[in-house]
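Undergrad: Here's my sequence, what's the structure:
(chains A and B)
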Amino acid sequence: MKYLTAIIQPDRLDDVLDELSKRDIHLVTVSQVMGRGRQKGIAEVYRSHKESGGLLRKVKIETAVNDEFLPAALEAIKIGARTGHVGDGKIFVFDLDQVLRIRTGEEGPVAIG
Amino acid sequence: MSLMFKPMLILALAVMPLCAQTPTLTPATATPTAPTAQTVAAAPIVPAAVAPTSVVPAAEVKVIDSGDTAWVMIATALVFLMTAPGLALFYGGLVRRKNILSVLMQCMGLMFVLSLLWVIFGYSLSFGPDIHGLIGSSAWFGLNGVSNTHPFKDVATGLTYGATIPHSLFMLYQMMFAVITPALIIGAYAERVRFAPFLAFSVLWSFAVYYPVCHWIWGIGGFLGSMNASGKGAVDFAGGIVVHVTAGVSALGAAIFLGKRKGFPDKMSPPHNLPLAVIGAGLLWFGWFGFNAGSALGANSLAVTAMIATHVAGATAGLTWAGLDWIINRKPTMLGAITGAIGGLATITPASGYVDVWGAIAIGFLAGLIPFLFVMVIKPRLNLDDTLDAWGVHGVGGIIGSICVGVFANPIINGRAGLIYGDASLFVSQLKAVGIVAVYSLVATYLLMKLVDVTMHVRASDHEERVGLDLTQHKESAYTVID
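TA: Numbers count the residues shown, from 1 in each chain, chains lettered A, B, ... in the order given. The predicted model follows:
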């Protein structure tokens, strides 16, 4: 089992969710986050005074998949989030030790989907 | 608009039988009427007492009434409040969080641009000396000859733009209408229009649609209205045709031209900040007292009648929409409640100075029912993306209200009778005016959109629409994530 965390551009969220759905991956957690990569930060204009916030708005998508779904999940996020510009984001993949569905008590791979 | 004095006296008598039918309304109706009658009676006496010590020429003191002038000044400020922040917050709360500033900026931008346009060109083209019933002349460009000290009275017909207020105040009051009308159309193309073409379109639209139609209905000599020697023709107390039909139908044209937003209708988010929209709706309602009651152009009993009709219709329509929500969608929604109330206020606008309280209730009910059916039942089948229902609420409401004047107008209020009082002539005039203005607005809007699109590309690009208009058009964002 794998756990994926993807940091993407906020405006690509709908496309990523679409691509994941196409590949039968429906369960995700999404949050609004701020962060920075190799870019230096957003510039906003405040009463004609240009401010550099240092952090950019991003969306974080998290999902857990069984091993055979990993390539599909990576592909979906890559296709949905890619614009080719700096700031498209990253995907982090972790090994996942255990999953437990609280309602039924199921554990392991059956509890993921 | 000039027929104020006689109806006012008649109304004082007319209020009695009305109160007998509606015991609960007695205090509300009777109390404000009594002081108004006194003010009118006192008006000629007070200046006479002041005149000997005053340096102001006696002739001027007699024509300008301080009470009327004060009320119309306040009403002007109230109508200002309707555009920014009223309409701005109402619309702004309903869009997605990435687009709220674009809507606020569109409203504020129109306030700047159209105010200037009005004093330089617009007022003269709308209300200036008539040219063949179609448009005002250029005689009053730059407010040339628009008096600060005297009311305007047309020599040929004896008609006035407010018999007791300075001509320049009438000009300023009407300016607020010229600003809010194109702002209403924002509801149709919110979230997908670029800022510069939006401004260009609004300016062209003012010249091509608002100024001519305003002249047709409200200008002395306009070919559709009642501002002529015979007093026959269509009526529009505070802007059902001039404001809501033009803006609402143009919203339909703009929505058709621009097409749907990306992801419509399946992936649309709900309003991002409904409490803001509720504040906006409340401010609109508050401002509407100036919009409708101010259109009496005096602090008199006609203004009070209009104020009552306005409030009652807003409440009735809000209740109707929320009730339908409750029955059909299982729960009364806040969004439905404010949409209904705004629809009711828009619908009563042309009728507010012509109907009694029962007419207002009837119109309020229709204003809740018909736009509800339109937005909930018909619109989804048309596959039309009228973002914030500018057409569904303002257009449909304006049309219903303008036709309803011809049905419910009570002759004891303002001298004009509708169908239920056995007179079909007003009804026919209303139908004709609504039909001509609606078709003209639709065609003109479509052509203007085309013209602006060829030169400036109206619609936001795919990228701009995704990222949001706040960042791409104004380089600002309304909300921070951290801090």
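Undergrad: going forward, measure contacts and count neighbours with C-alpha atoms only.
TA: Noted.
Undergrad: Nearest to chain B: which residue in chain A?
TA: residue A:11 (5.2 Å; Cα to the nearest Cα).
Undergrad: Give me the neighbour count for that residue.
TA: When counting by other Cα atoms under 10 Å in any protein chain shown, one arrives at 17 neighbours for residue A:11.
Undergrad: Please give me every residue in contact with the residue lying closest to residue B:396 once chain neighbours are set aside.
TA: The shortest distance from residue B:396 to any non-neighbouring residue, by Cα to Cα, 6 or more residues apart in numbering or on different chains, is to residue B:371 (6.3 Å). Counting by Cα atoms under 8 Å, 6 or more residues apart in numbering or on different chains, residue B:371 touches B:343, B:392-393, B:396-397.
Undergrad: and of those residues, the nearest to chain A?
TA: Relative to chain A, the closest of those is residue B:392; by Cα to the nearest Cα it sits at 28.2 Å.
Undergrad: related to what we said a few turns ago, what about the residue nearest to residue B:396, helix or strand, and which?
TA: helix B:357-373 (DSSP states H and E).
Undergrad: Compute the mean per-residue pLDDT across stretch B:471-483, please.
TA: The average pLDDT within stretch B:471-483 is 84.
Undergrad: Can I get that stretch in CSV? Just the C-alpha atoms.
TA: Taking C-alpha atoms only, stretch B:471-483 is exported to CSV below (Å, rounded to 0.1, in the frame of the first residue of the first chain):
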residue,chain,number,x,y,z
LEU,B,471,-5.3,37.6,-9.8
THR,B,472,-5.4,37.8,-13.6
GLN,B,473,-7.3,41.0,-14.1
HIS,B,474,-6.3,43.0,-10.9
LYS,B,475,-3.3,41.2,-9.5
GLU,B,476,-4.9,41.0,-6.1
SER,B,477,-6.6,38.3,-4.0
ALA,B,478,-9.4,38.8,-1.6
TYR,B,479,-8.4,36.2,1.0
THR,B,480,-5.2,35.0,2.4
VAL,B,481,-4.7,31.4,3.5
ILE,B,482,-2.3,32.0,6.3
ASP,B,483,-2.4,35.3,8.4
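Undergrad: Now it: buried residues?
TA: Of all the residues in stretch B:471-483, those buried under the rule 16 or more other Cα atoms under 10 Å in any protein chain shown are B:471-473, B:476-477.
Undergrad: Okay, the residue of chain A closest to chain B and residue A:26: tell me how far apart.
TA: From residue A:11 across to residue A:26, the span is 19 Å (Cα to Cα, to the nearest Å).
Undergrad: what do you get for residue B:207?
TA: Distance from residue B:207 to residue A:26, counting by Cα to Cα: 52 Å.
Undergrad: Same check on residue B:236?
TA: Distance, residue B:236 to residue A:26, by Cα to Cα: 55 Å.
Undergrad: likewise residue B:479?
TA: 29 Å.
Undergrad: show me the contacts for residue B:273.
TA: By Cα under 8 Å, 6+ apart, residue B:273 lies in contact with B:93-94, B:97.
Undergrad: ok, and the most crowded of these?
TA: Highest neighbour count within the contacts of residue B:273: residue B:94, with 26 neighbours (other Cα under 10 Å).
Undergrad: So that one sits against residue B:271, correct?
TA: Yes: when contacts are counted by Cα atoms under 8 Å, residue B:94 is listed as touching residue B:271 (4.2 Å).
Undergrad: Quick one: classify the residue in the stretch 201-350 of chain B that chain A sits nearest to as helix, strand or coil.
TA: Nearest residue of the stretch 201-350 of chain B to chain A: residue B:267, at 8.6 Å (Cα to the nearest Cα). Assigned with DSSP: H, G, I helix; E, B strand; the rest coil, residue B:267 falls in the coil class.
Undergrad: Thanks again, I'm all set now.
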